[in-house]
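# sequence and predicted structure, then a few things I'm wondering about:
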Amino acid sequence: MPNEKIPLLVIAGPTASGKTALGIALAKEYGGEVVSADSMQIYKGLDIATAKPTAGETEGVPHHMISIADMDAEFSVADYVRLAKEKIADIHGRGKLPILVGGTGLYINSLIDNVNFDNADTVGNDGSLRKRLSEEAERLGGEVLHKRLAEIDPKTAESVPPQNVVRIVRALEIWELTGMKFSDYKRANAGRVSDYRLCMIGLNFRDRDVLYGRINKRVGIMAENGMVEECRAVYENECLGTACQAIGYKELIPYFKGDADLEDCLDKIRLGSRRYAKRQLTWFRRDYRINWIYLDDFNNFDEIIEICKKTVAKSEIM
RNA sequence: GGCGCUAUAGCCAAGUGGUAAGGCGUGGGUCUGCAACACCCUGAUUCCCCGGUUCAAAUCCGGGUGGCGCCU
C-alpha cells in the first residue's frame, strides 16, 4: 500500500499530565511503539529531571527518540523531524502502530504538518554567525538589530518585538546566510499536507490547580529520586548546549554555587514547570485537530483508556 | 490595662492634600533549524471600618477594629 498514509496516534499535553503512562497503555492496547516528542528527553544524562520513563515503567514497550544525543551536542527541530520520520516509517513497516508522545509543540507540529527542512545544506544554522549577531545585540541593544531587520524585512520586524532578541537574531541569520527575508523563508518552508493519518489526543484538566498540584508534587519526588545529584553531575561537566535550558538543571545552579538554599531552588523548578505547562497548553489549544480529554472528568485510569479507545475508533486511523 | 507603630490587588510594596507607581504570582497570547527557549498583553471606580475637616482625602483630625512592638 505505497499510497496509504501511515497512521499516527499523537498524545500531547502539558508536563505532568500523564502522557507517558497513557502512551504505554495505548501501545500495549494496539501493539504500538512510542516515539517521544520531547526536546529535552533527546539528551543523554538528564533522566530524572526530564521524567524519562524508566525501564520498569515502559513495560517492554519500545521507546524511541530518547537519549539519542550527547548533552553538549547540537540538536534542532530539523534533526528531530528527520530522525522521527524515519523511526515512524520503520515502526509502521514492522506492522506496529507509532504513537507520538510528548510536550514539545514545535517538534510535534513540525513533524505532523510536514514543515520543510530539506534545505538543510543551504540554510541550517551557523553557530559563529549566530554568536556574532547575539553579541552585537548585547552590545548595541535589541532596538538596533530590530531596526536593521525592519529595513530588510518590515513584515517580520512588525511581528517580532524589539525585545525578542532571539527571534531577531534568527531572522537576521537567515538573511545573512541565504539572502532570503525571514518572511519568505517561512513561507517557503511552510507546513504541507501531512504524511500521516492522525488521531490526536490532548490531555488537560478542567481545574488548573489539579495540574499544578501534580507538578509541585512531582518535583519533590524527582528530588527524592536523585534529580539534584544528576543535575550536579551535568553542572560539573559544564554542559553548554541546548540541554542547559532544561527546567530543573538551570534552577539548581545557584544551589551548586552555594548562593541559594535547595528548597528555594526546588520552588523555582516548580514555578518554571507550572509556567511551562501553561505555555504548552497555549500552544496545543490552537490545534483544532486535538481531541481533548479532561482527566479530572474520570474516576480511574481504565475509564481514561476507554475514552481514548473510543476517540481512536472514531478517527478511523486503525 | 497603658503607650508607640501599622493597615493600599492573591503576595510584596510606592505614594504624606489634586484624582492609586512598580515587582511577584495569576490568566490570556505569540511561536517555522536554541522551543523545558525567547517574547507580548493582563487586574484596585478605590486604599480596614465609621464619622469629621476641605472645592478636593489613601494621604489631615476623632473614634472603632485587626496586626506588630514596648511597658506595668
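That came through, no problem.

# measure stretch A:295-303 end to end?
End-to-end distance of stretch A:295-303 (CA to CA, to the nearest Å): 10 Å.

# which residues sit against that stretch?
A:17, A:18, A:21, A:25, A:203, A:204, A:205, A:206, A:207, A:210, A:304, A:307 (CB atoms under 8 Å, 6 or more residues apart in numbering). Just so you know, the C-beta spots here come from the backbone N, C-alpha and C atoms, and that holds for glycine as well.

# part of a helix, is residue A:75?
No - according to DSSP: H, G, I helix; E, B strand; the rest coil, residue A:75 belongs to no helix; its state is coil.

# if we can go back for a sec, reformat the contacts of stretch A:295-303 as JSON lines; add secondary structure.
Putting these into JSON lines (three-state DSSP) gives the following:
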{"residue": "A:17", "secondary structure": "coil"}
{"residue": "A:18", "secondary structure": "coil"}
{"residue": "A:21", "secondary structure": "helix"}
{"residue": "A:25", "secondary structure": "helix"}
{"residue": "A:203", "secondary structure": "strand"}
{"residue": "A:204", "secondary structure": "strand"}
{"residue": "A:205", "secondary structure": "coil"}
{"residue": "A:206", "secondary structure": "coil"}
{"residue": "A:207", "secondary structure": "coil"}
{"residue": "A:210", "secondary structure": "helix"}
{"residue": "A:304", "secondary structure": "helix"}
{"residue": "A:307", "secondary structure": "helix"}
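
# any of those buried? List them.
Among these, those classed as buried by 16 or more other CB atoms under 10 Å are A:17, A:18, A:25, A:203, A:204, A:205, A:304, A:307.

# what about the residue of chain A found nearest RNA strand B, which helix or strand?
For chain A and RNA strand B, the shortest gap (CB to the nearest atom of the strand) falls at residue A:39, measuring 2.7 Å. For residue A:39, there is no host helix or strand (DSSP states H and E).

# quick one, what contacts residue A:255?
Applying CB under 8 Å, 6+ apart, the residues contacting residue A:255 are A:228, A:261, A:262, A:264, A:265.

# okay, and it sits in which element?
helix A:249-256.

# rewinding a little: what number of residues are in the vicinity of the nearest residue to the residue of chain A closest to RNA strand B once chain neighbours are set aside?
Setting aside the residues directly before and after it, residue A:39 is nearest to residue A:104 in space (CB to CB, 6 or more residues apart in numbering), at 4.3 Å. Neighbour count for residue A:104, taken as other CB atoms under 10 Å: 21.

# wait, residue A:104 sits on residue A:36?
No - Residue A:104 is beyond contact range of residue A:36, at 9.1 Å (criterion: CB atoms under 8 Å).

# returning to what we had before: for the buried ones among the contacts of stretch A:295-303, give me a markdown table that also has distance to RNA strand B and pLDDT.
What follows is these, written out as a markdown table (distance: CB to the nearest atom of the strand, whole Å; pLDDT from 0 to 100):
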| residue | distance to RNA strand B | pLDDT |
| --- | --- | --- |
| A:17 | 13 | 97 |
| A:18 | 14 | 96 |
| A:25 | 20 | 97 |
| A:203 | 15 | 98 |
| A:204 | 10 | 97 |
| A:205 | 10 | 97 |
| A:304 | 22 | 98 |
| A:307 | 22 | 97 |
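
# ok, the residues you listed vs residue A:256, which is closest?
residue A:17 (29.6 Å; CB to CB).

# could you pull up phi and psi at that closest one?
Geometry field for residue A:17 lists phi and psi as phi -90, psi -10, criterion degrees, to the nearest 10.

# who's the nearest residue to it once chain neighbours are set aside bridged to?
Closest residue to residue A:17 apart from its sequence neighbours, by CB to CB, 6+ apart: residue A:203 at 4.1 Å. Beta bridges link residue A:203 to residue A:293, judged by DSSP bridges.

# where along chain A do the strands fall?
A:6-12, A:32-36, A:63-64, A:97-102, A:196-204, A:290-294 (DSSP state E).

# let me have those in TSV, extended by distance to residue A:279.
Formatted as TSV, the strands of chain A follow (distance: least, CB to CB, whole Å):
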stretch	distance to residue A:279
strand A:6-12	13
strand A:32-36	19
strand A:63-64	24
strand A:97-102	14
strand A:196-204	14
strand A:290-294	16
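
# quick one: contacts for residue A:318?
Residue A:318 neighbours (CB under 8 Å, 6+ apart): A:7, A:30, A:97, A:312.
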